[in-house]
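# sharing a model that was predicted from the sequence below.
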Number of protein chains: 2
Amino acid sequence: MIYFDNAASSYPKPESVAAAVAFWLRKNGANPGRSGHRLSLEAGELVYDTRKMICDIFGADEPECVAFVPNATYGLNMLIQGLLHSGDHAVTTDLEHNSVLRPLKLLSERGVEFDVAKVDLYNDNRTVQNILDKIKENTKLIVCTQCSNVCGKVMPLRQISGALPDSVRLVVDGAQGAGIVPINLKRDGIDYYCAPSHKGIMGPQGCGFVVVLNDAPMPLIVGGTGSESFSLSQPDYLPDLLESGTLPTPVISGMKEGLKFIKNVGIEKIFAKKISLVRRMYAELDSVEGVIKYIDPEKSLFAGVACFNIEGSHSDSVAAYLAENGVCVRSGIHCAPLFHRKMGTEKIGMVRASFGYYNTINDINSFIKILKKY
Amino acid sequence: MIYFDNAASSYPKPESVAAAVAFWLRKNGANPGRSGHRLSLEAGELVYDTRKMICDIFGADEPECVAFVPNATYGLNMLIQGLLHSGDHAVTTDLEHNSVLRPLKLLSERGVEFDVAKVDLYNDNRTVQNILDKIKENTKLIVCTQCSNVCGKVMPLRQISGALPDSVRLVVDGAQGAGIVPINLKRDGIDYYCAPSHKGIMGPQGCGFVVVLNDAPMPLIVGGTGSESFSLSQPDYLPDLLESGTLPTPVISGMKEGLKFIKNVGIEKIFAKKISLVRRMYAELDSVEGVIKYIDPEKSLFAGVACFNIEGSHSDSVAAYLAENGVCVRSGIHCAPLFHRKMGTEKIGMVRASFGYYNTINDINSFIKILKKY
């Protein structure tokens, strides 16, 4: 089997991930921060250590500004819906996932406006200017992906944040970038960041995190926090503000192992590998008859994802053929409608091959051999 | 170690739970319902089978009406915030957890009213009447726990639902009841139910579910669903409406093992065991000097949880002493402020011993021996 669907969920994970989750499920079922007994305190330590590790890897200072959320989509909803209120305006890009677009659309029914800035895949200055051009007096947020989930385009976040007026905050969707594209939130001027455990971080599904480096959002989900229990209002301090109900300690233990893994390997090295796999893939695709490529990987940075079609075929047909031959890719729209409109692929979608840390050039060679027989 | 903190999170779990989660993390990282390859289809099957099992165990017909949510708190927020709109009125009880009270309080700032009905711990008819007395012309929802998280009181849900006017819907918080107290949603007239995996169901933390047997709520969290990707609005059908972002397949596999376990043992049998452990505990507590009991377990049904204090001591001190002696309980307010006001224990909280399936009378005997030395 060739697994090229790492942008959906990374696989395989480092062995330590499954081992840690199973260990916590067997050894400690306790609820962190709820009770004072040994198991609960141990769970609390694990959770705190993981917050610290996230600070370390992603460039934040205070473990308290890291809140665990169920997945990146929930985190984005908490940030977008929690920061934007009636009368506010936001700007996003045409590379975004529905996890950004749908919350913005929902808010547009409640008096929030938003505009979509065009990303120039090969000219970052133009992209930054396109974003600036959309800013109005009431613009409060820019919501931007770290890395496109369809084409892998790495966004010029530092350039964007550097160009923004002081009153405008930057929310970055790290769903595809976290653990793959180097980032340092403080250095790069990012106010809010959010990422899942199970993609580039190589941890389990079932958890993610937001990092809040500016004003806290209003809480979207409220409930038991084990703190201020006599108040019927959610605590106004982080991370409790954003963490209601029982945290998934075993999943967090797996995320911690994933974080350790990417830290030990080094995100710079992972990034270089993913860029080079993409370049190799596109180069090899040239040998396949009828291939339509949408990206020139030599002209900008595209990390971890290659997308293409075969002339005359719907992307679903190509993916189905590949699946029959033991290759896992994803076809269709990838929850990124504006990108497909931009590229003119609304009708047929794209075949997306997304690489994991364990993929090799051999996998690409085998893939190309199979694709040639389509 | 004696683990009496199962109301926070059940422990130990059946061995099959950790084994299943580790198996899925090692064998299949794929995203269900997103791609067409074998791993994704297998993940989709697992998810679907688990929905079916939930229908079977909890008394619903359509797997589609079961939506996976991160935990019971999220599910309650989705139901409460998704069903109540400005001008609506809700009734809840004084046994509720902050996962119910805080969402209602949040909505009260947005034009939703709510009232709290008093539960009579020993007279269910009076409780039902107290709820009915609070119903007004604009009452849309009753939100009621299946079983108190502090005293274990089993609520007369069938009686409540039977007494409600047709226009009033019933939301049941199964956080403490699911897997412990028998329930059949259709037979018992429950419109909405929500439960976590990691308590009575004995699965892992990191997932739960809602069952929707009446009008769907408005979605609170929106984003990628792998469906209707060109629409910037959330799909209006279940379960997609309530399932945004990647589902935690490995966690769901563990939940499925927990569900299998409780189904095989039989919830009736688990319920009987938990009632009897509570009765035994209270009977044994009589032999401990200075014990203050708040409940008479012979006069109504109290499942799985026993709560008490020691005269002259804060509950935290008793719990700390127990922790030092290898006993895990929880003290304080347990995120249920109104219950402590009702019982006059706002200042000292209560010591809560909550039993799991694997606890025995021997555990209670050892516990009592240790407590006597306090």
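Thanks, I have it.
# state the phi and psi torsions of the residue found closest to residue A:121 once you drop the neighbours it is linked to in the chain.
Spatial nearest neighbour of residue A:121, excluding adjacent residues (CB to CB, 6 or more residues apart in numbering or on different chains): residue A:153 at 5.5 Å. Where C-beta positions appear, they are placed from N, C-alpha and C, glycine not excepted. Main-chain dihedrals, residue A:153, degrees, to the nearest 10: phi -50, psi 130.
# what is the burial count for residue A:153?
By the measure other CB atoms under 10 Å in any protein chain shown, the count of residues near residue A:153 is 26.
# relative to chain B, how far out is it?
With distances defined as CB to the nearest CB, to the nearest Å, the gap from residue A:153 to chain B amounts to 18 Å.
# again, but for residue A:15
Per CB to the nearest CB, residue A:15 is found 8 Å from chain B.
# next one: residue A:144
Using CB to the nearest CB, which is the criterion applied here, residue A:144 is 16 Å from chain B.
# that residue belongs to a strand, doesn't it?
Yes. According to DSSP: H, G, I helix; E, B strand; the rest coil, residue A:144 belongs to a strand.
# show me the contacts for it.
A:92-93, A:96, A:131, A:155, A:157, A:160, A:170-173 (CB atoms under 8 Å, 6 or more residues apart in numbering or on different chains).
# 10 Å instead?
Counting by CB atoms under 10 Å, 6 or more residues apart in numbering or on different chains, residue A:144 touches A:91-93, A:95-96, A:100, A:117, A:119, A:127, A:131, A:155-157, A:160-161, A:170-173, A:190.
# am I right that residue A:136 is in contact with residue A:87?
No. If you go by CB atoms under 10 Å, residue A:136 and residue A:87 don't touch, sitting 11.4 Å apart.
# between these two, which contacts overlap?
Contact with both residue A:136 and residue A:87 is made by residues residue A:113, according to CB under 10 Å, 6+ apart.
# is it correct that residue A:14 is in contact with residue A:254?
Yes. With contacts defined as CB under 10 Å, residue A:14 counts as touching residue A:254 at a distance of 9.5 Å.
# the more surrounded of those two?
More neighbours sit around residue A:254 than around the other of residue A:14 and residue A:254, counting by other CB under 10 Å; the figures are 36 against 21.
# is the host helix or strand of the more buried one anywhere near chain B?
Per DSSP states H and E, residue A:254 falls inside helix A:249-265. Yes. Counting by CB under 10 Å from any CB of the partner chain, contacts between helix A:249-265 and chain B involve A:249-252, A:254.
# top of those by number of neighbours, please.
Most crowded among the residues of helix A:249-265 next to chain B, counting by other CB under 10 Å, is residue A:254 at 36 neighbours.
# ok so, going back, among the contacts of residue A:144, which ones lie close to chain B?
Residues of the contacts of residue A:144 in contact with chain B (CB under 10 Å from any CB): residue A:100.
# so which of the contacts of residue A:144 belong to helices?
With helices defined by DSSP state H, the entries of the contacts of residue A:144 inside them are A:100, A:127, A:131, A:157, A:160-161.
# sorry, back to before: so the residue nearest to residue A:121 bridges to which residues?
residue A:302 (DSSP bridges).
# contact partners for it?
For residue A:153, the set of contacting residues under the criterion of CB under 10 Å, 6+ apart consists of A:93, A:95, A:119-122, A:124, A:127, A:145, A:147, A:176, A:295, A:300-303, A:305, A:339.
# from those, keep the buried residues only.
In the contacts of residue A:153, burial by neighbour count holds for A:93, A:95, A:119, A:121, A:124, A:127, A:145, A:147, A:176, A:295, A:300-303, A:305, A:339, counting by 16 or more other CB atoms under 10 Å in any protein chain shown.
# show me which of the residues you listed is closest to chain B.
Nearest to chain B among the buried ones among the contacts of residue A:153, counting by CB to the nearest CB, is residue A:339 at 10.6 Å.
# in chain A, which spans are strands?
For chain A, the strands defined by DSSP state E cover A:2-3, A:66-69, A:89-93, A:113-117, A:139-145, A:169-173, A:192-196, A:208-212, A:291-293, A:305-310, A:327-328, A:351-354.
# mind listing the strands the third one pairs with, and their directions?
In this case it means strand A:89-93. According to DSSP bridges, the neighbouring strands of strand A:89-93, each with its direction, are strand A:113-117 (parallel), strand A:139-145 (parallel).
# cool, and the second one?
The strands that strand A:66-69 pairs with in its sheet are strand A:208-212 (antiparallel) (by DSSP bridges).
# what's the angle from the partner strand to strand A:169-173?
Interaxial angle of strand A:208-212 relative to strand A:169-173 (axes from the mean of the first three to the mean of the last three CA atoms, to 10 degrees): 170 degrees.
# now do the nearest residue to residue A:38 once chain neighbours are set aside, the pLDDT please.
Nearest residue to residue A:38 in three dimensions, chain neighbours excluded: residue B:323, at 6.4 Å (CB to CB, 6+ apart). Taken from the predicted model, the pLDDT recorded for residue B:323 is 96.
# repeat that for residue A:347.
The score at residue A:347 is 96. That number is its pLDDT.
# cool, residue A:289 as well?
97.
# residue A:29 and residue B:17, how far apart?
Using CB to CB, to the nearest Å, we find residue A:29 at a distance of 10 Å from residue B:17.
# kindly report the same for residue A:106.
Look at residue A:106 and residue B:17: by CB to CB, they are 36 Å apart.
# next, count neighbours for residue A:362.
Other residues within reach of residue A:362 by the criterion other CB under 10 Å amount to 9.
# what is the burial count for residue A:168?
The local packing of residue A:168 (other CB under 10 Å) involves 19 other residues.
# got the contact list for it?
Per CB under 10 Å, 6+ apart, neighbours of residue A:168: A:89-91, A:131-132, A:135, A:139-142, A:161, A:191.
# of the residues you listed, which pair is most distant in space?
Every pair in the contacts of residue A:168 was compared (CB to CB); the two farthest apart turn out to be A:89 and A:161, at 17.9 Å.
# quick check: residue A:255 touching residue A:200?
No. With contacts defined as CB under 10 Å, residue A:255 does not count as touching residue A:200, sitting 11.7 Å away.
# so where do the helices sit in the stretch 251-374 of chain A?
Listed from the start of the chain, the stretch 251-374 of chain A has helices (DSSP state H, counting those that start in this stretch) covering A:267-285, A:315-324, A:337-343, A:361-372.
# what helices or strands is the shortest one leaning on?
Just to be clear, that refers to helix A:337-343. Identification of packing neighbours for helix A:337-343 by 3 or more CB pairs under 10 Å, 6 or more residues apart in numbering or on different chains; DSSP states H and E yields strand A:89-93, helix A:98-108, strand A:305-310.
# quick one: mean pLDDT for that helix?
Across helix A:337-343, the average pLDDT comes to 97.
# how near is the spatially closest residue to residue A:304 that is not a sequence neighbour to residue B:115?
If you skip the residues right next to it in sequence, residue A:304 has residue A:274 as its closest partner in space, 3.9 Å away by CB to CB, 6+ apart. With the distance defined as CB to CB, residue A:274 ends up 56 Å from residue B:115.
# comparing these two, which residue is more hemmed in?
For the pair residue A:274 and residue B:115, the greater number of neighbours falls to residue A:274 (27 against 15), based on other CB under 10 Å.
# OK, contacts around the residue lying closest to residue A:240 once chain neighbours are set aside?
Distances taken as CB to CB, 6+ apart place residue A:225 nearest to residue A:240, at 4.3 Å, with adjacent residues excluded. Counting by CB under 10 Å, 6+ apart, residue A:225 touches A:33-34, A:219, A:231, A:234-235, A:237, A:239-245, B:73, B:98-99, B:102, B:335.
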